[in-house]
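A.B. asks: Quick check, what structure comes out for this input:
(2 chains)
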Protein chains: 2
Amino acid sequence: MVRYGAHAMVWVKDWTADEAATAVKAASAAGYDTIEIPIFDPQLVDLAQTRDLLRQYALTPTVSLGLSADTDISSADASISRAGVDRMVAIVDATAAIGGSIVAGVIASAWQKYAVPPTAANYNNSVAGLREVAQEARTRGVTLAIEVVNRFESNLINTAADALRFVDRIGEDNARIHLDSFHMHIEEPDAALAISLCGPRLAYVHINENHRGYLGTGSIDFRRIFLALAQAGYEGTIAFEAFSGATASPSTAGKAAIWRSVYEDADDVGRRALAFMQQGMELAERTVRLAGGRKP
Amino acid sequence: MVRYGAHAMVWVKDWTADEAATAVKAASAAGYDTIEIPIFDPQLVDLAQTRDLLRQYALTPTVSLGLSADTDISSADASISRAGVDRMVAIVDATAAIGGSIVAGVIASAWQKYAVPPTAANYNNSVAGLREVAQEARTRGVTLAIEVVNRFESNLINTAADALRFVDRIGEDNARIHLDSFHMHIEEPDAALAISLCGPRLAYVHINENHRGYLGTGSIDFRRIFLALAQAGYEGTIAFEAFSGATASPSTAGKAAIWRSVYEDADDVGRRALAFMQQGMELAERTVRLAGGRKP
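C.D. replies: Here you go, the predicted model:
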């Protein structure tokens, strides 16, 4: 059984105590099982309040982030890479503290537009750093889901094939892959082939439209994506993500390049997304059965 | 009748005298009518050599560029916006000097990842600056084709709807629109609707795959794009663009975020692209006729 989640930034700009309450209530009211919580710096979050809210509304958390230039785990500068490891371990701790078991997002490099390709030192420092984080994370029951993002948001891992090589190099079974329909649309020859390629290494899935608004109003072929997830027997979380100029914080807008409003009503976009994903997966499961079932 | 073009950077990294000769010969040998020439600074180009080469090989040029931060015509700083106007007029002159009639590319802002949304001053300076450039360009028989690019490469004009508003504000009939399949794939609800929306304002078209390699090996639905062009009766140039880590210059790789090689053989990718575009347009024209022809 898959679980359905939504990124908190569908409803709020950040994760202050007030915003945590708003987002948890909204996600619960919309019918989600899981809320994805942005935690970039655990010291800025009231973890006990978050944990209690999640229990009260019976939501499972996942945590996501993008590393910054000064915590770029792929930096060739050992002290910066180390700062990335330290930050990631703190985020793993915070995730366990609020009852979560997945840390997702741009965690193999900084979340930024790079100006040059990665060097061998960048790649190796990221592998070694995340191996260390994964070993710590295992003791807390946490899995790392390394997000595959488009070329403008990282230079290190832009395709599922890149990610498979990368997690194989890490060599820890709780260092796995996070695919996102928006990023796959930009980079992959075919999103369904990418999902199939990851197989059991796939730990987390983001569903968002190419323009980041209402699902089904853009150019992504979600039917192929849902079919590939059904065929793969994916049993993780499928989380909705959306961004609009009307609702994004200036910091997020700058990083994700959100310059225009593609929706105004966060509650509506969130509710309709859940129905879209549930219907899409239900039809995909039915299609796979009709076609003779999954390969044994 | 449409004309088929290819960007010189399919074959070369820059436009030195040697590279000009290489690219013109390769484009001609592949069967193209038009070559798209990157001219960012006309003072660095031997225009007479380029003009002679084009005549010798019977190729029509188009010129394309992206403005830089110090010639950002959308800058709120009047002196920088003015530098953008001056640079654009120089490029219009160079275009006319080599026998061209279209200047395309990221010419309404700098070609860069912005950190903040545009202000009214940015928008208005770009409109006023390009109006002045268009008026100069008319005296040289040159049309401006303002490229609609994705959110990571400009903050000003990311969709066909943005571009229509923008050229309406300029109000000069030689300030028109340049659409690109790669950018539409990221931003548009639907590329065919975008083409249809532009109608006769569409002056130039880039065709490239979502991962910027071989046409037909990615996730762009080119059939819809060719059908929309055929239905609109588009009679301009359709130009192939591709980028690969194996062939891009460091400067282009940095700006366009080219981190991996999606092809090695430039001649092969260029030849196959022409066949793909010709076949696509031929089938689209046939489909439109079969469906009863274009609306009168």
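A.B. asks: got any ranges where the stretch 151-296 of chain A has weak pLDDT?
C.D. replies: A:296 (pLDDT under 70).
A.B. asks: I'd say residue A:151 and residue B:254 touch.
C.D. replies: No. The pair residue A:151 / residue B:254 is not scored as a contact, 11.0 Å apart, by Cβ atoms under 8 Å. Just so you know, the C-beta spots here come from the backbone N, C-alpha and C atoms, and that holds for glycine as well.
A.B. asks: Who has more neighbours out of the two?
C.D. replies: residue A:151 (22 against 17; other Cβ atoms under 10 Å in any protein chain shown).
A.B. asks: Could you say which helix or strand holds that one?
C.D. replies: In this assignment (DSSP states H and E), residue A:151 forms part of neither any helix nor any strand.
A.B. asks: For residue B:256, see how far away it is.
C.D. replies: Distance check for residue A:151 against residue B:256: by Cβ to Cβ, to the nearest Å, it reads 8 Å.
A.B. asks: And the longest helix along chain A, what does it pack against?
C.D. replies: In chain A, taking DSSP state H as the definition, the longest helix is helix A:266-290. Under the contact definition 3 or more Cβ pairs under 8 Å, 6 or more residues apart in numbering or on different chains; DSSP states H and E, helix A:266-290 sits against strand A:3-7, helix A:17-30, helix A:222-232, strand A:237-240.
A.B. asks: measure stretch A:208-221 end to end?
C.D. replies: 11 Å (Cα to Cα, to the nearest Å).
A.B. asks: got the buried residues for that stretch?
C.D. replies: A:208, A:209, A:210, A:211, A:212, A:213, A:214, A:215, A:218, A:219, A:220 (16 or more other Cβ atoms under 10 Å in any protein chain shown).
A.B. asks: Now for the residue lying closest to the fifth one once chain neighbours are set aside, how many residues are close by?
C.D. replies: Read that as residue A:212. Distances taken as Cβ to Cβ, 6 or more residues apart in numbering or on different chains put residue A:243 closest to residue A:212, at 4.5 Å, once the chain neighbours are dropped. For residue A:243, the neighbour count with other Cβ under 10 Å is 23.
A.B. asks: In this structure residue A:243 contacts residue A:260, no?
C.D. replies: No. Counting by Cβ under 8 Å, residue A:243 sits too far from residue A:260 to count as a contact (10.2 Å).
A.B. asks: could you pull out the helices for the stretch 51-200 of chain A?
C.D. replies: Along the stretch 51-200 of chain A, counting by DSSP state H, counting those that start in this stretch, helices occupy A:78-97, A:120-139, A:160-170, A:181-187, A:191-198.
A.B. asks: Of the ones you listed, flag the one that's most buried.
C.D. replies: Sort the helices of the stretch 51-200 of chain A by mean neighbour count, taking mean count of other Cβ atoms under 10 Å in any protein chain shown, and helix A:181-187 sits at the top with a mean of 25.
A.B. asks: Any part of that one near chain B?
C.D. replies: Yes. If you take Cβ under 8 Å from any Cβ of the partner chain as the test, helix A:181-187 does meet chain B, through A:184, A:185, A:186, A:187.
A.B. asks: So what's the residue count around the nearest residue to residue A:156 once chain neighbours are set aside?
C.D. replies: Leaving aside its sequence neighbours, residue A:156 sits nearest to residue A:109 (Cβ to Cβ, 6+ apart; 4.2 Å). The tally of other residues near residue A:109 (other Cβ under 10 Å) stands at 27.
A.B. asks: Having no further points to raise, I will conclude here.
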